[in-house]
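Trainee: predicted model and sequence below, questions to follow.
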Amino acid sequence: MDTEGKSAHLKKASWSMFLVGFIIYSVISMTKSAYSASMASIINEGILKTSSAGIINMGFYIFYGGGQLLGVGIVDRVSPVKLIYMTLIGTLIAIIGMAFAKTFTVMLILWSFCGLMQFAVWPAMLRIIAEYVLMEHR
């Protein structure tokens, strides 16, 4: 392959990486808001009390924030692509579980697990952009 062909291939791969990363980050960001957006209905339908619904939401952010503080070393040593896969699989498991959860304890565990699984998505995306996306696409 000539130099011009390699350059075009790199540009296409870089653009694709940026686009896929944008879509994945957008989906993960929406999942962070999913429970908060559904809290009013959960409370109105009598599934949970206001305080219990708030505790579940708090559990997500405690594990999300705690994971970011304690997981900084993991983000530096593990492939950002593996971290994104881990985030997507963990989030999918938590969301499917939340759809079937009937008790406060199960919901708290699942949503806290979701927060823990999402701790690395932002640093992983930054690494992907810095290491794999061409400067002109950043």
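Mentor: Thanks, I have it. The model shown is predicted, which means the values in this text are computed figures rather than measured ones.
Trainee: C-terminal to the helix ranked longest in the chain, what's the next element?
Mentor: For the chain, the helix that runs over the most residues, judged by DSSP state H, is helix 3-44. Heading C-terminal from helix 3-44, the first helix or strand you meet, by DSSP states H and E, is helix 50-70.
Trainee: which residues are contacting that following helix?
Mentor: Contact partners of helix 50-70, identified using C-beta atoms under 8 Å, 6 or more residues apart in numbering, comprise 32, 35-36, 39, 42-43, 48, 104, 107-108, 111-116, 118-120, 122-123. To be clear about C-beta, it is placed using only N, CA and C from the backbone, and glycine gets the same treatment.
Trainee: ok, now with 10 Å
Mentor: 31-32, 35-36, 38-40, 42-43, 47-49, 74-75, 94, 98, 101, 103-105, 107-123 (C-beta atoms under 10 Å, 6 or more residues apart in numbering).
Trainee: wait, residue 38 touches residue 98, no?
Mentor: Yes: using C-beta atoms under 10 Å, residue 38 is in contact with residue 98, at 9.1 Å.
Trainee: quick check: closest non-adjacent residue to residue 116.
Mentor: Distances taken as C-beta to C-beta, 6 or more residues apart in numbering put residue 63 closest to residue 116, at 4.2 Å, once the chain neighbours are dropped.
Trainee: next one: residue 59
Mentor: Closest to residue 59 by C-beta to C-beta, 6+ apart is residue 112, at 3.9 Å.
Trainee: from residue 37, how far out is the one you found?
Mentor: From residue 112 across to residue 37, the span is 18 Å (C-beta to C-beta, to the nearest Å).
Trainee: the two: who's more crowded?
Mentor: residue 112 (21 against 10; other C-beta atoms under 10 Å).
Trainee: backbone dihedrals for residue 119, please?
Mentor: Dihedral pair for residue 119: phi -60, psi -30, per degrees, to the nearest 10.
Trainee: hmm, who's touching stretch 102-112?
Mentor: Around stretch 102-112, the neighbours that count as contacts under C-beta under 10 Å, 6+ apart are 34-35, 42, 47-49, 51-53, 55-64, 66, 93-101.
Trainee: change it to 8 Å
Mentor: Applying C-beta under 8 Å, 6+ apart, the external contacts of stretch 102-112 come out as 35, 48, 52, 55-57, 59-60, 62-63, 94, 97-98, 101.
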